[in-house]
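Chemist: sequence? don't have it. structure:
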């Protein structure tokens, strides 16, 4: 009992020391990275400081332009009778206080409406990937509509004639249509993606070699997250080919090589006994592991094929786990797994039998037949034509002779 407790304590202490070592290594890596980035950070801070200094000096030159440049310049910049920029700002905001308040209220109402609409859409589209996909598109559409309406109300609050803008929407639409063709293509492509159900939010897809989970589907872009810290945004019109890995279980195909010295039927029997254990150890499997047969023969041994299915998010880890479990099963049952090696054989014997006379003659005859050239007809086309005419005349004579013989027989 004391020995068991001591072992447990030692294991826990070993694990704790390992964790501390990992943390120390991570801290060292972070310190090294921060030291490497220090020159870059210093340069960035210097640039920011210079920009702040220049902007501050420019603002002071404008605010105190009358005191610095005189009354003529001050009247042009600040207006007549205004002593400094602070007074000019006070006059400006005092005249436009209603418009500013209205603008702030419109922005606040717009933000509240966007938040409420997002909440309601999320609540009503919780069940199913299709519902989440449509909900993502609806949220994006509502957000753009609220932003456009808010801009219209803000322009009206500042005295802009929104009616004339609406009246000129025909020309504006034409200009936007010509200048924003890619935007229109993105919106139309996004609608086709949703309604044709190519993929949904949460699906694992491959687009242009990038594999990730669909995080959101908007009017313009689709966002993919590979769960490794990388998020890729792709415009809808650029999505031409998609591989959806989430619509059906993914097939995992594994090859394993066993030695030529092993009895294949014994190996298959051992694997049949081990499969239930392997399937029980891997709950991620959709369909159990099965033996597909002999897949080929290589330099080291017989290649055996295995297959199983699982969800797309588990496919790589399940493939690694299956390879491990099959390897352990083969090792447990003393089945030899070959590896690359060089085999040096003894030289061939020197006293080898020679060919007999009969074998030599047969060999020469066989090779002579293979090397024999086809006879080439060297006659010209005219000579061949003359021969053909002679052959035809002979045939005609033969036919006449046969006819005479036939007539004689009939008369008799």
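Modeler: Looks like it arrived, so ask away. Predicted model, so just to flag it, every value in this text is computed and none were measured. Numbers count the residues shown, from 1 in each chain.
Chemist: who's in contact with residue 149?
Modeler: By CB atoms under 8 Å, 6 or more residues apart in numbering, residue 149 lies in contact with residue 110. C-beta here means a position set from N, CA and C on the backbone, and glycine is covered the same way.
Chemist: and it, which of the three is it?
Modeler: The three-state assignment at residue 149 reads helix, by DSSP: H, G, I helix; E, B strand; the rest coil.
Chemist: I'd like the distance between it and residue 100.
Modeler: 19 Å (CB to CB, to the nearest Å).
Chemist: same check on residue 264?
Modeler: Per CB to CB, residue 264 is found 86 Å from residue 100.
Chemist: over to residue 340?
Modeler: 78 Å.
Chemist: may I ask which helix or strand encompasses residue 246?
Modeler: Using DSSP states H and E, residue 246 is not contained in any helix or strand.
Chemist: verify the stated contact: it with residue 315.
Modeler: No. Contact criterion CB atoms under 8 Å: residue 246 and residue 315 do not qualify, at 10.7 Å.
Chemist: bridged to the most centrally placed residue in the chain, which residues?
Modeler: Centre of the chain computed as the mean C-alpha position; nearest residue by CA atoms, centre = their mean is residue 210, 2.4 Å away. With DSSP bridges applied, residue 210 shows beta-bridge pairing to residue 207.
Chemist: residues contacting it?
Modeler: Residue 210 neighbours (CB under 8 Å, 6+ apart): 224, 226, 232.
Chemist: since we're on the first one, how many residues are nearby?
Modeler: In terms of burial, residue 224 registers 22 neighbours under the definition other CB atoms under 10 Å.
Chemist: which SS state does it fall under?
Modeler: strand.
Chemist: who's in contact with it?
Modeler: Contact analysis of residue 224 by CB under 8 Å, 6+ apart lists 205, 207, 210, 212-215, 231-234.
Chemist: dump the residues you listed to a markdown table, plus distance to residue 368 and pLDDT.
Modeler: Formatted as a markdown table, the contacts of residue 224 follow (distance: CB to CB, whole Å; pLDDT from 0 to 100):
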| residue | distance to residue 368 | pLDDT |
| --- | --- | --- |
| 205 | 68 | 85 |
| 207 | 66 | 85 |
| 210 | 66 | 86 |
| 212 | 70 | 86 |
| 213 | 73 | 87 |
| 214 | 74 | 87 |
| 215 | 78 | 84 |
| 231 | 76 | 86 |
| 232 | 71 | 87 |
| 233 | 76 | 86 |
| 234 | 71 | 85 |
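Chemist: about what we covered before: quick check: the residue nearest to the centre of the chain vs residue 251, distance?
Modeler: Distance from residue 210 to residue 251, by CB to CB: 22 Å.
Chemist: how close does residue 227 get to residue 42?
Modeler: Computed with CB to CB, the distance linking residue 227 and residue 42 is 35 Å.
Chemist: next one: residue 298
Modeler: 59 Å.
Chemist: repeat for residue 314
Modeler: 46 Å.
Chemist: these two: which is more packed in?
Modeler: residue 314 (18 against 10).
Chemist: if I read this right, the more buried one contacts residue 286, doesn't it?
Modeler: No. When contacts are counted by CB under 8 Å, residue 314 is not listed as touching residue 286 (9.0 Å).
Chemist: mind listing the helices for the stretch 201-350 of the chain?
Modeler: 264-281, 315-332 (DSSP state H, counting those that start in this stretch).
Chemist: could I get those helices as CSV with mean neighbour count?
Modeler: Compiled in CSV, the helices of the stretch 201-350 of the chain are given as follows (neighbours: other CB atoms under 10 Å):
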stretch, mean neighbour count
helix 264-281, 14
helix 315-332, 16
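Chemist: any chance of CSV for those, columns mean pLDDT and distance to residue 304?
Modeler: Formatted as CSV, these follow (pLDDT from 0 to 100; distance: least, CB to CB, whole Å):
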stretch, mean pLDDT, distance to residue 304
helix 264-281, 89, 7
helix 315-332, 91, 9
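Chemist: can you say which of the ones you listed is nearest to residue 87?
Modeler: helix 315-332 (68.5 Å; CB to CB).
Chemist: isn't there a helix covering residue 354?
Modeler: No. Using three-state DSSP, the assignment for residue 354 is coil, not a helix.
Chemist: tally of neighbours for it?
Modeler: Neighbourhood size, residue 354 [other CB under 10 Å]: 6.
Chemist: let's number from 848 now, not from 1
Modeler: From this message on, residue numbering opens at 848, which makes the last subject residue 1201.
Chemist: separation between it and residue 1214?
Modeler: For residue 1201, the distance to residue 1214 equals 17 Å [CB to CB].
Chemist: likewise residue 1102?
Modeler: 44 Å.
Chemist: from the contacts of residue 1071, pick the one nearest residue 1126.
Modeler: Distances from residue 1126 to these, taken by CB to CB, are shortest for residue 1060, at 26.9 Å.
Chemist: count of residues packed around that closest one?
Modeler: Close neighbours of residue 1060, defined as other CB under 10 Å, add up to 18.
Chemist: same question, residue 1077
Modeler: Residue 1077 has 10 nearby residues by other CB under 10 Å.
Chemist: surely it meets residue 1059?
Modeler: Yes. Contact criterion CB under 8 Å: residue 1077 and residue 1059 qualify, at 7.4 Å.
Chemist: show the contacting residues for residue 1001.
Modeler: By CB under 8 Å, 6+ apart, the contact list for residue 1001 reads 949-950, 953-954.
Chemist: helices - which of these land there?
Modeler: 949-950, 953-954 (DSSP state H).
Chemist: could those residues go into TSV alongside distance to residue 1227 and neighbour count?
Modeler: Shown next, in TSV, are these (distance: CB to CB, whole Å; neighbours: other CB atoms under 10 Å):
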residue	distance to residue 1227	neighbour count
949	108	16
950	105	17
953	103	18
954	102	13
